[in-house]
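A.B. asks: Attaching a predicted model along with its sequence, questions to come.
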Amino acid sequence: MKKLLSRRNFLKGGLAATASATVLKNKDCQASGDFDGYPDSMGVLVDLTRCVGCRSCEAACNKEQDLPEPAKPFDDFSVFDEIHHGQKRRTDETRYTVVNRYDVPELDHPLFRKFQCNHCAEPACLTSCFVNAYTKTPEGAVIYNSKVCVGCRTCMIACPFYVPTFKYSSAFDPKIMKCIFCYDTRLKEGKAPACVEACPQEALTFGKRKDVLKMGKQRIRETPGKYVDHIYGEHEVGGTAWMYLSSVPFDKVGFDTHVPKEPILNSVKDFLAIVPMVLTIWPGLFIGFHLLATRKDKIKEMEKEKNKKNDEKEEQV
Amino acid sequence: MRLFSKERPEIPIVHHLKEDGTEWTIKEKLWLGLSVPEYKKQFFRNPINWLMIFIFAVGVPLILQRYIFGLGSVTHASNDYPWGLFLGFGLFGMVPLSASGFMLGTTVELFGRKDFHAIERLALLNGLLGYFFAVVFLEVDLGMPWRLPYPMFVSLGPAAVLFLVAWHVATYLSVQIAEVLPAFFEWIGWLKGKRIIRKWVLGLTVAGIILSTLHQGALGALFTYAPAKVHPLWLSVNFQWIHFFCSSIFAGLSMVIIASTLIKNFMGWRCDDEFKDNLDYITIGLAKGASYAMITYLVIKIVAVAHDQEWSYLLTGWGSYYMLELGAGVVLPMLMFAIGARNQWVTLIRFGAFIAALGIIWNRLNTALVAYNWQLYQEIPHWKEVWITITIYSLYFLTYRFIVYRLPIVYGWQGEK
């Protein structure tokens, strides 16, 4: 009797453990499958209709991040006319953010667009990095560790916004240079990044991503006709921490509207899925081919041996 | 070499023993059995070597410049085109052309086609050197080349495609070294090593197929990280890895045909009769295999266009360029292979192989450079970048020649085996 009871207890315990393991495991699986960003991560809403192109944000960034002094001072607005390879200015190893001017025919005034890392929820730079140099912090910043970087520049290929830049000028200490949301100096302590703080027009609004997203939707709703009904960055490449409001279609002010509406990693998953299949199926399959292809040789060998034995027997007889 | 092989019957070396019964030393074998003045004489008689000297005279200082003053001093330091010729040609172009090792390894060892045996070692060597120099190109391109082992041992990002490429190229390089070592062991006369590897040959071959499938495919999959940057005709998110893998099959076979043609014509003294007598037959066989791979590749290319509904792109300028690439780079050599194989026209096949190899390099350059950022602008590489690429390729050529001159690759070792 005692024995039976203990066995029942054992079974009960075993079942309970299995069940809880299944439930717990399920939960984990779900979490990794549908990760849509850290809930309390921070974000910035950029309102293009408010930006006047004063370049204060560029100056503040330059100072905060200890970047080299530019050739033209920050109050020189001729930089808006600079064209390289038919393109407007872009970020590089000397500047993590730039403001560009766009002349839109429908409007009687130009629009200005600030450009920097958008700090994606599921960053392509991070997922393409084979040494894990990138981290998406719970605060929302995508930061980079130059201590492990090999300099392969795949992150620059993968970033749909052309954000990471490379310090090509250095032979012994090259690294990726990009906006880090002022993580080390400000964001970690809950403070707004330097560019946001410097904006005199309140074109940049810093807050929890979900709050600034709500605010953006509210602005669209409350001032009908002022904005196009889209917040760039809400869904682009799976959602970004920096989001944009504009009064004209986004492709007219330098945004790439062809980027996928899901994380870049999704387009790579097809390949990643075949890797374990090849690793497990190929060995058996090709050894099988080998056995099939060489079966005639085997048969010949066996016959030879048989004949040999027969010959020996005959000799003995 | 022809000069000496007539006068001196013991040259080229094919045996441990000299005419008089004494053994060749390793040093003598390295000098091809010639005295130093004789070696110099034959070296400077060859116009190719003068070309090499010219390339290196300019190229070596440029490589030094790259390592002292940074990548920016020899390239355009583009943030829009992070990968230039070093990877576009050196990695993406060299690796498919080196698929020969696993192709012929599979044919001979796995499928038991002993009739291709005469070319197996050349194919394995071609594979090994191609991969090795792809890594050399990578070492020129990487920002921090001294951190090459980081993805293996220091900081691992196993979910990234490049992680697969790194691991597979590294392990496959080891597999290929093991596959080529028997030739080296015969040459130095250490037969125990050869026997050990002989036991492992089937395992090595299967490992070669797995690793090749995955990293040839992975090189293609790298571009699926840029779905909004590469022109849709050159990027199929679903089929990119198959495109790269399938095209590597005929690229590798074509490269073996090219290498064997060059060796037969310019290094006849080094080939033995087995190699020379079987080469036409083997070339026809390789062409047959390559043309099958090409028709498969073309079908998957069309499937990709249909799958992504890209027919309208074919009518644009990009579409014409795309069809030119497929027409001149794949369809033309495919027909040359097929007609050549049917009528036993080996010369036609050999020309076809040159076109097919150029076609693959063209395809990889198109994917990595021309059709990349198709909506922005075209990047034309800096002349120094071009020259360094040619210099590294010349180093590859010299290493290749150095080994084929010496090891039993296109001849059988006469001594104990």
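C.D. replies: Great, that's in hand. All values derive from a computational prediction rather than experimental measurement. Numbering: from 1, shown residues only, chains lettered A, B, ... in the order given.

A.B. asks: Could you show which parts of the stretch 51-200 of chain B are in contact with chain A?
C.D. replies: B:66-72, B:75, B:77, B:79-80, B:82-83, B:106, B:110-112, B:141-145, B:147-148, B:150-151, B:154-157, B:159-164, B:166 (Cβ under 8 Å from any Cβ of the partner chain). Bear in mind the C-beta positions are built from the backbone N, C-alpha and C, glycine included.

A.B. asks: filter the residues you listed to the buried ones?
C.D. replies: Listed as buried from those are B:66, B:70-72, B:75, B:77, B:79-80, B:82-83, B:106, B:110-112, B:141-144, B:147-148, B:150-151, B:155-157, B:159-164, B:166; burial here means 16 or more other Cβ atoms under 10 Å in any protein chain shown.

A.B. asks: Where helices are concerned, which of those count?
C.D. replies: Secondary structure assignment by DSSP state H places B:66, B:141, B:161-164, B:166 of these in helices.

A.B. asks: which pair in the residues you listed spans the largest distance?
C.D. replies: B:R66 and B:L164 (27.6 Å; Cβ to Cβ).

A.B. asks: Please name the residues that touch whatever residue of the stretch 1-150 of chain B ends up closest to chain A.
C.D. replies: Here the stretch 1-150 of chain B gets closest to chain A at one residue, B:G143, 2.0 Å apart by Cβ to the nearest Cβ. B:G143 sits next to A:149-153, A:166-167, A:174-175, B:71 when contact means Cβ atoms under 8 Å, 6 or more residues apart in numbering or on different chains.

A.B. asks: I'd assumed B:L233 was in contact with B:G319.
C.D. replies: Yes - between B:G319 and B:L233 there is a contact at 6.7 Å, judged by Cβ atoms under 8 Å.

A.B. asks: Now for the two: what residues contact both?
C.D. replies: With Cβ under 8 Å, 6+ apart, B:G319 and B:L233 have common neighbours B:Y313.

A.B. asks: of the two, who's got more company?
C.D. replies: Neighbour count, other Cβ atoms under 10 Å in any protein chain shown: between B:G319 and B:L233, B:L233 has more, with 25 against 17.

A.B. asks: isn't the more buried one right up against B:Y313?
C.D. replies: Yes - B:L233 is within contact range of B:Y313, at 5.4 Å (criterion: Cβ under 8 Å).

A.B. asks: which neighbours do those two share?
C.D. replies: Contacts common to B:L233 and B:Y313, judged by Cβ under 8 Å, 6+ apart, are B:305, B:319, B:322.

A.B. asks: Double-check the first one against B:S312; I have them as touching.
C.D. replies: No - because the distance of 10.2 Å does not satisfy Cβ under 8 Å, B:V305 is recorded as not touching B:S312.

A.B. asks: more crowded one of these two?
C.D. replies: B:V305 (19 against 8).

A.B. asks: how far away is that one from B:L235?
C.D. replies: Computed as Cβ to Cβ, to the nearest Å, the B:V305 to B:L235 distance reads 11 Å.

A.B. asks: Quick check: A:D297 vs chain B, distance?
C.D. replies: Per Cβ to the nearest Cβ, to the nearest Å, A:D297 is found 7 Å from chain B.

A.B. asks: residues touching that residue, list them.
C.D. replies: B:G112.

A.B. asks: Low-confidence ranges, the stretch 151-300 of chain B, go.
C.D. replies: Along the stretch 151-300 of chain B, no part satisfies pLDDT under 70.

A.B. asks: Could you find the closest non-adjacent residue to the residue nearest the centre of chain B?
C.D. replies: Central residue of chain B (Cα atoms, centre = their mean): B:S98, 3.2 Å from the mean position. Distances taken as Cβ to Cβ, 6 or more residues apart in numbering or on different chains put B:G130 closest to B:S98, at 2.6 Å, once the chain neighbours are dropped.
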